[in-house]
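Chemist: Need coordinates for the following:
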Amino acid sequence: MTTTASAAASTTAPLADARALGLAHYAARGVLERVLTRHGVTFQQQIALRAAVTADTPRTPDALVAQVRDILKADPDAVRATLDELVAKGLLVADGTHLLPTDAGRELLAAAGAEIAPVSARIWGGIPTEDLAAAGRVLALVAERANAELAALDA
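Modeler: I've put the predicted structure just below:
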């Protein structure tokens, strides 16, 4: 009986596809965006700010644009506008040829991170490690293939 139940469960489990990936992404992003809105920043601003905060060395605006563009596949002009918004909010500051996170920028990321951490724990908690590993492998392969397709489209 256990074999039949396991076989039935494995044949009825949904297969991962682009729609399932998109639905999961937008559901999780929706949660994050609600938290970010309370902190006065957009998703794209948070990604750009995090890139500056986690950089090993200070980044030039062009380097930050390239990094955020690579992450979000966003238009470089839109990323530059986002960096300008972060400077205007006092979350990044120009220091010579570099953009550096301010204390306010670091504090905002820390506060948003602290607020989203228990929510993330509820979303991801209880998923078996082997399932997370399998999903991680599939998502890495999908990202690799999609990036190759983007490169071909840009060529």
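Chemist: now the strands for this protein?
Modeler: In the chain, the segments counted as strands under DSSP state E are 92-95, 98-101.
Chemist: looking at those, which is closest to residue 115?
Modeler: The closest of those to residue 115 is strand 98-101. By Cβ to Cβ, the value is 18.6 Å. From N, CA and C alone the C-beta is placed, and that goes for glycine too.
Chemist: Pull out the buried residues from the closest one.
Modeler: By neighbour count on 16 or more other Cβ atoms under 10 Å, the buried set for strand 98-101 is 98, 99, 101.
Chemist: which helices and strands does it pack with?
Modeler: Secondary-structure packing of strand 98-101 (3 or more Cβ pairs under 8 Å, 6 or more residues apart in numbering; DSSP states H and E): helix 43-54, strand 92-95.
Chemist: rerun that using 6 Å as the cut-off
Modeler: Using 3 or more Cβ pairs under 6 Å, 6 or more residues apart in numbering; DSSP states H and E, the elements in contact with strand 98-101 are strand 92-95.
Chemist: any idea of the mean pLDDT in the strand it packs on?
Modeler: Regarding strand 92-95, the rounded mean pLDDT is 96.
Chemist: Not counting its own residues, what contacts it?
Modeler: For strand 92-95, contacts defined as Cβ atoms under 6 Å, 6 or more residues apart in numbering pick out 52, 86, 99, 100, 101, 102.
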